[in-house]
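Asker: Whatever this is, show me its structure:
(one chain, ligands or ions: 2)
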Amino acid sequence: MRWHRIGKRLTISRMSHALEVFDLQKDFPTTGESVRALVSVTLSVSAGEFVAIMGASGSGKSTLLHLIGGLDRPTAGAIVIEGRDLGQMTDRERTLFRRRRLGIVFQQYNLLPTLTAVENVALPAMVDGRGSQTVSSKANELLELVDLGHRGHHRPQAMSGGEQQRLAIARALMNDPVILLADEPTGNLDSRHGQAIWGLLSRLVRENQRTVLAVTHEPGGATYADRVIVLKDGRIAGEIMPGGEGHASLVAARYAELVD
Ligand SMILES: Nc1ncnc2c1ncn2[C@@H]1O[C@H](COP(=O)(O)OP(=O)(O)O)[C@@H](O)[C@H]1O
Ligand SMILES: [Mg+2]
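Answerer: Residues are numbered from 1 along each chain as shown. Ligands and ions are numbered 1, 2, ... in the order given. Below is the predicted model:
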């Protein structure tokens, strides 16, 4: 255990926590009233834990993932990853931290259209200045892992939505992230590829001691997680312990109770 000073509060933090979020609030300014996307969100995720986040469209899931990924700043509250307060980092420190410690799968993929699949996957390592030989063989291995070994030289626009999504997952794994943040990573996949991705995320946690935070609409996908956090109108409505794969209907029923 050790102490953290966060804002004016002193908080105990266990080193085993990969991620801690304290009293997070996010308002988006708009022309009329500002939109409050997150309200008092407090949660922690242990190292080596697989957490799913469920919630209706507009409940704040992507906003939460973007804030945790250091891509946007909270209006209030704090985010501590591996004991480091994101709010205390400079922009440069945050960018490096994100590149070296986090992997992010965006809901809209954010692939670069002018690069081929293998170049897209390799990009995070190239930006980090790593040698191209090992980078390219690793990028090809990751493409194999997501069943895209045959598509390495195609550009994203020549690929289906599901293929682009798997490409985005491969890219997020390129720098061996300690924490993977994935926004609806199977939203565009058929059930065979969807299950393969949930299995892959689950193996990253069980066999490689990674920490995964994945947003999903799918109760079946959520059953791969250790714990499901449910958001409603920007607040945490409750948690579900899925109790293992195959309990999708239990997750769906408990989810409906929490959000209705
Ligand atoms: N950049 C933005 N500007 C204004 N409002 C936003 C912005 N991003 C998200 N919102 C609003 O914040 C709320 C939460 O959005 P989001 O986090 O994308 O939800 P989810 O991912 O759960 O569908 C929604 O009401 C959305 O319209
Ligand atoms: Mg979203």
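
Asker: going forward, measure contacts and count neighbours with C-alpha atoms only.
Answerer: OK.

Asker: Quick one: neighbours of the spatially closest residue to Y109 that is not a sequence neighbour, just the number.
Answerer: Here the nearest residue to Y109 in space, its sequence neighbours aside, is A168; by Cα to Cα, 6 or more residues apart in numbering that works out to 5.5 Å. A168 sits with 27 neighbouring residues when counted by other Cα atoms under 10 Å.

Asker: from memory A168 sits against Q108, does it?
Answerer: No. The pair formed by A168 and Q108 falls short of the contact definition of Cα atoms under 8 Å, at 9.2 Å.

Asker: Pull up the residues of the stretch 1-150 of the chain that are close to ligand 1.
Answerer: Proximity of the stretch 1-150 of the chain to ligand 1, by Cα under 6 Å from any ligand atom, involves residues F28, V35, A37, A56, S57, G58, S59, G60, K61, S62, T63.

Asker: what's around the first one, how many residues?
Answerer: It stands for F28. 12.

Asker: Repeat that for the last one.
Answerer: In terms of burial, T63 registers 20 neighbours under the definition other Cα under 10 Å.

Asker: for the second one, same thing?
Answerer: A count of neighbours around V35, defined by other Cα under 10 Å, yields 12.

Asker: for it, what are its contacts?
Answerer: D27, F28, P29 (Cα atoms under 8 Å, 6 or more residues apart in numbering).

Asker: show me where the stretch 1-150 of the chain has helices.
Answerer: When assigned using DSSP state H, counting those that start in this stretch, the helices of the stretch 1-150 of the chain occupy the ranges 61-68, 91-101, 117-127, 132-145.

Asker: In the stretch 151-260 of the chain, which residue sits closest to ligand 1?
Answerer: Across the stretch 151-260 of the chain, no residue is closer to ligand 1 than G234, which sits at 7.0 Å (Cα to the nearest ligand atom).

Asker: Spatially, what comes nearest to that residue if we skip its sequence neighbours?
Answerer: Here the nearest residue to G234 in space, its sequence neighbours aside, is L38; by Cα to Cα, 6+ apart that works out to 4.0 Å.
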